[in-house]
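Novice: predicted model and sequence follow; I will ask about them next.
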Amino acid sequence: MKEFTLLKIYLAIVSVVAVIGTFVGYGNLAYSYLKAQIITDQEYITGGNFYDISQCENGVYAPEKNTTVPRSAADIATCKTDTEKRLIDKRHYDYKDSMISGGVWGTVFLILFFTHFPMFIRRYKEKA
C-alpha cells in the first residue's frame, strides 16, 4: 500500500488547484474573446448601458439659478455622441483587461501545475 506523506498530499492538492485555476484563467480568456466578437458595440450600448445615454436628455443643473435647465437638441446630440464614444472606449479597456487577466492567471496556474505535478508523480511512484 502506498504511503501518503504530507508532501504527497501537498503536491496533489496544488496540482488539482493548478488544473482548476488554469481552466478558469483560460476560460475567462476565451469568454472575453467570444463576448467581444459576438456582441457588437451598438448592442453593448443599448443592451446594458442605455441608462448613460438616456441621462443626456435630462437637464443640467445651473447653480446660479439653483434649478435645472433643459438641454438644447444640439447639446443632447453632442452628449449622446460623447457618451457612446466613452462607453465603447470603456468596453475596449474592459476587454483588454479581461484578456490580460485571464492570460496571466491561466499561465501562472499552468506553470504551477508543471512544476508540482511531475514531483507528485515521482513521489507517488516511489516504493514505500
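Specialist: That came in fine, so what should we check first?
Novice: pass me the low-pLDDT residue ranges in this protein, would you?
Specialist: Applying pLDDT under 70 to the chain picks out residues 1-4, 127-128.
Novice: how many residues are close by Gly106?
Specialist: 20 (other CB atoms under 10 Å). To be clear about C-beta, it is placed using only N, CA and C from the backbone, and glycine gets the same treatment.
Novice: and the gap between it and Tyr124?
Specialist: Note on Gly106: its distance to Tyr124, by CB to CB, to the nearest Å, is 26 Å.
Novice: and for Phe113?
Specialist: Computed as CB to CB, the Phe113 to Tyr124 distance reads 15 Å.
Novice: who has more neighbours out of these two?
Specialist: Using other CB under 10 Å, the more surrounded residue of Phe113 and Tyr124 is Phe113, with 19 against 12.
Novice: what's the local residue count around the residue nearest to that one when sequence neighbours are not counted?
Specialist: Excluding the flanking residues, the one nearest Phe113 by CB to CB, 6 or more residues apart in numbering is Ala18, at 3.5 Å. Residues lying near Ala18 (other CB under 10 Å) number 20.
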